[in-house]
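# Quick one, fold the following:
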Amino acid sequence: MRGKKTTQKEVAEVDFSKGVRGLHHVPASARVYMPVSIERACGNIFPQRGEQRCGTFVACNEVLKRDIETKEKRK
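Numbering: from 1, shown residues only. As a prediction, this is how the structure comes out:
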């Protein structure tokens, strides 16, 4: 709870006996999609590709990949 300070007694009462080790583990080989927030002014420059829900996602990745390639060439 925000704003409430926990005491040592409350922390000691946490029960992890039914916890599962590695429940939320993501393997290194897994493809992970990270949500990002794009400002409206920036988001408007990405083309909407028909009715595809991933149009902005794909366009954003293309721009980022080009930016990475450009920076790699400068090295």
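# what helix or strand is the most centrally placed residue in the chain on?
Centrality entry for the chain: nearest residue to the mean C-alpha point is M34, 2.5 Å, by CA atoms, centre = their mean. Per DSSP states H and E: M34 is located in neither a helix nor a strand.
# From C60, how far out is it?
11 Å (CB to CB, to the nearest Å). The way it works is simple: take the backbone N, C-alpha and C, and place the C-beta from them, glycine included.
# Also E13?
E13 is 45 Å from C60, by CB to CB.
# From the chain's centroid, how far away is stretch 13-25?
The chain centroid and the centroid of stretch 13-25 are separated by 23 Å, computed with CA atoms, centre = their mean, to the nearest Å.
# and what of stretch 36-48?
17 Å.
# switch to numbering from 41
Right, with 41 as the first residue, what we last looked at is stretch 76-88.
# Just the mean pLDDT for it, thanks.
Taken as a whole, stretch 76-88 has an average pLDDT of 73.
# hmm, who's touching it?
With contact meaning CB atoms under 8 Å, 6 or more residues apart in numbering, stretch 76-88 is reached by 95-96, 99-100, 103.
# Show the buried residues in these.
96, 99-100 (16 or more other CB atoms under 10 Å).
# And those residues, which is closest to G59?
C100 (36.6 Å; CB to CB).
# how close does that closest one sit to P75?
Taken as CB to CB, the span from C100 to P75 is 11 Å.
# quick one: buried residues of the longest helix along the chain?
For the chain, the helix that runs over the most residues, judged by DSSP state H, is helix 95-114. Neighbour-count burial for helix 95-114 flags 96, 99-100 (criterion: 16+ other CB under 10 Å).
# Export these to CSV and append columns for distance to S57.
Formatted as CSV, the buried residues of helix 95-114 follow (distance: CB to CB, whole Å):
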residue, distance to S57
T96, 44
A99, 48
C100, 43
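# Now render those as CSV, adding pLDDT and distance to K45.
Shown next, in CSV, are the buried residues of helix 95-114 (pLDDT from 0 to 100; distance: CB to CB, whole Å):
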residue, pLDDT, distance to K45
T96, 72, 42
A99, 78, 46
C100, 81, 41
